[in-house]
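Asks: need a 3D model of the sequence below.
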Amino acid sequence: MEPYSVLSARNSCIGVFAHNEEKRIIRALDCIELCLKGLQVPITVLENGSSDNTLAVAKAYAMDRRHVQVMSLDIGDKSNAWNHFVHALDPVPEVVFFTDGDCWVQPDSLQQLYRTLCEQPQANAVSAIPCTGRHRQQQISYIVKEHQLVGNLYALRGTFVERIRQQNIFLPVGLIGDDALVSALAKWNLSPFKHGWKDELVVANINAQFGFDSLSPWKRKNWRTYWNRRVHYSRRKFENIMLRRLIGIKGGLHGIPRHIQETYHLFEQTCKPKYRGLEGLFEWVAARKIKKYVTAQVPPGSRIIEKKKGSGGLPPGF
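Replies: Predicted structure coming up:
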């Protein structure tokens, strides 16, 4: 890409992930269209495992918009939907955008992300930042200082996506926090033991922003959502640790399993829950879920022994 080249329908595409988003998907798509200012950039809505009318609403929206298509998947899982989207691209454009159906993209944000990849040719990925949320400033600091992608809105360079496809890399189905693994893949430049961990391969643009509906502590219907979200955050933490360990044991990215539960047998060896304070409560619940799965899969008294196919060392970062 030449510096300051212009976003167009020929050099980009957008994936919108939607699970039970019948009330928000139209808002998400309208904001994208507003951001594109009439450009017919291909948009794929990845409806995955919805139990509401998300699929019908998305199809109705796409009916009179030739550049919008809807892909329906039976499994309600973002990582699985990400795999389908990335490996179905043909051809892969210069830039691939990823966003969620429950948030809205601020005007000019897609152009800002595209411009960043043009101006920083070393970068494999660029993240947007939130414009809403009670902990917005902490999130922004984390995204910028830690060079971390956030799943609500980010972009990958097309050549990087093409290498993912060529190396047959898939995110584990069931993985919570796909953005953390995508960030790691970008920083490793798809070769963790050869290239190491390079933060400069993931950048942020503070002028590219997205918004989302915050949970309210005054609404009872939000309490369960908050509880589940905090447990998921703890599970995500453990899954990242176990996944990193498995990649080290296998000696490379070919060690990424098809399903994240294939890492759960490593929990006792690698994870140390805090079990104190409020965060400890969520970690205890997350650990209990993981252990329950392992117990159901492994007969009592048996022992899992993982053969080392690689160096056995840990890949940097992540």
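Asks: can we go C-alpha only for contacts and neighbour counts from here?
Replies: OK.
Asks: so where do the strands sit in the stretch 51-200 of the chain?
Replies: Using DSSP state E, counting those that start in this stretch, the strands of the stretch 51-200 of the chain run over 68-73, 95-100, 103-105, 125-130, 153-157.
Asks: can you tell me which of those is most buried?
Replies: strand 125-130 (a mean of 29; mean count of other Cα atoms under 10 Å).
Asks: low-confidence ranges in the stretch 101-250 of the chain?
Replies: Low-confidence segments of the stretch 101-250 of the chain (pLDDT under 70): 215-218.
Asks: now the strands of the stretch 51-200 of the chain in a markdown table, with distance to R288?
Replies: Output for the strands of the stretch 51-200 of the chain, formatted as a markdown table (distance: least, Cα to Cα, whole Å):
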| stretch | distance to R288 |
| --- | --- |
| strand 68-73 | 29 |
| strand 95-100 | 29 |
| strand 103-105 | 31 |
| strand 125-130 | 32 |
| strand 153-157 | 32 |
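Asks: for C35, which of these is the nearest?
Replies: When those are compared by Cα to Cα, strand 103-105 sits nearest C35, at 7.3 Å.
Asks: what's the longest helix along the chain packed up against?
Replies: Criterion DSSP state H: the longest helix present in the chain is helix 220-250. Counting contacts by 3 or more Cα pairs under 8 Å, 6 or more residues apart in numbering; DSSP states H and E, helix 220-250 is packed against helix 267-270, helix 277-297.
Asks: next, the buried residues of that helix.
Replies: For helix 220-250, the neighbour count (16 or more other Cα atoms under 10 Å) marks 230-250 as buried.
Asks: mean neighbour count and mean pLDDT for the helices and strands packed on helix 220-250 - can I get that in a markdown table?
Replies: Below are these laid out as a markdown table (neighbours: other Cα atoms under 10 Å; pLDDT from 0 to 100):
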| stretch | mean neighbour count | mean pLDDT |
| --- | --- | --- |
| helix 267-270 | 14 | 90 |
| helix 277-297 | 16 | 88 |
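Asks: dump the ones you listed into CSV; add distance to D108 as well.
Replies: Below are these laid out as CSV (distance: least, Cα to Cα, whole Å):
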stretch, distance to D108
helix 267-270, 43
helix 277-297, 37
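Asks: now the longest strand along the chain against strand 153-157, angle please.
Replies: Counting by DSSP state E, the longest strand found in the chain is strand 202-212. Inter-element angle recorded for strand 202-212 and strand 153-157: 150 degrees (by axes from the mean of the first three to the mean of the last three Cα atoms, to 10 degrees).
Asks: measure the nearest residue to G76 once chain neighbours are set aside to C271 for me?
Replies: Leaving out its chain neighbours, the residue that sits closest to G76 by Cα to Cα, 6 or more residues apart in numbering is G49, at 3.7 Å. Separation of G49 from C271 (Cα to Cα, to the nearest Å): 30 Å.
Asks: before we move on, what about G196?
Replies: Using Cα to Cα, one gets 23 Å for the distance from G196 to C271.
Asks: same check, this time on R24
Replies: R24 is 37 Å from C271, by Cα to Cα.
Asks: just the terminal-to-terminal distance for stretch 118-133.
Replies: 29 Å.
Asks: how about stretch 100-110?
Replies: Length of stretch 100-110, first residue to last, Cα to Cα: 14 Å.
Asks: and it, how far from the chain's centre?
Replies: How far stretch 100-110 lies from its chain's middle: 15 Å, per Cα atoms, centre = their mean, to the nearest Å.
Asks: can you tell me what sits against that stretch?
Replies: The contact list for stretch 100-110 (Cα atoms under 8 Å, 6 or more residues apart in numbering) reads 16-19, 21, 24-25, 27-29, 31-32, 34-36, 97, 128, 151-153, 207-213.
Asks: show me where the stretch 51-200 of the chain has its helices.
Replies: For the stretch 51-200 of the chain, the helices defined by DSSP state H, counting those that start in this stretch occupy 54-62, 78-88, 109-119, 136-145, 158-166, 178-188, 192-195.
Asks: is it possible to export those helices to a markdown table including mean neighbour count and distance to I256?
Replies: Shown next, in a markdown table, are the helices of the stretch 51-200 of the chain (neighbours: other Cα atoms under 10 Å; distance: least, Cα to Cα, whole Å):
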| stretch | mean neighbour count | distance to I256 |
| --- | --- | --- |
| helix 54-62 | 19 | 30 |
| helix 78-88 | 19 | 13 |
| helix 109-119 | 22 | 27 |
| helix 136-145 | 15 | 24 |
| helix 158-166 | 17 | 13 |
| helix 178-188 | 22 | 10 |
| helix 192-195 | 16 | 12 |
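Asks: of all those helices, which one is nearest R258?
Replies: Checking the helices of the stretch 51-200 of the chain against R258 by Cα to Cα gives helix 78-88 as the closest, at 9.6 Å.
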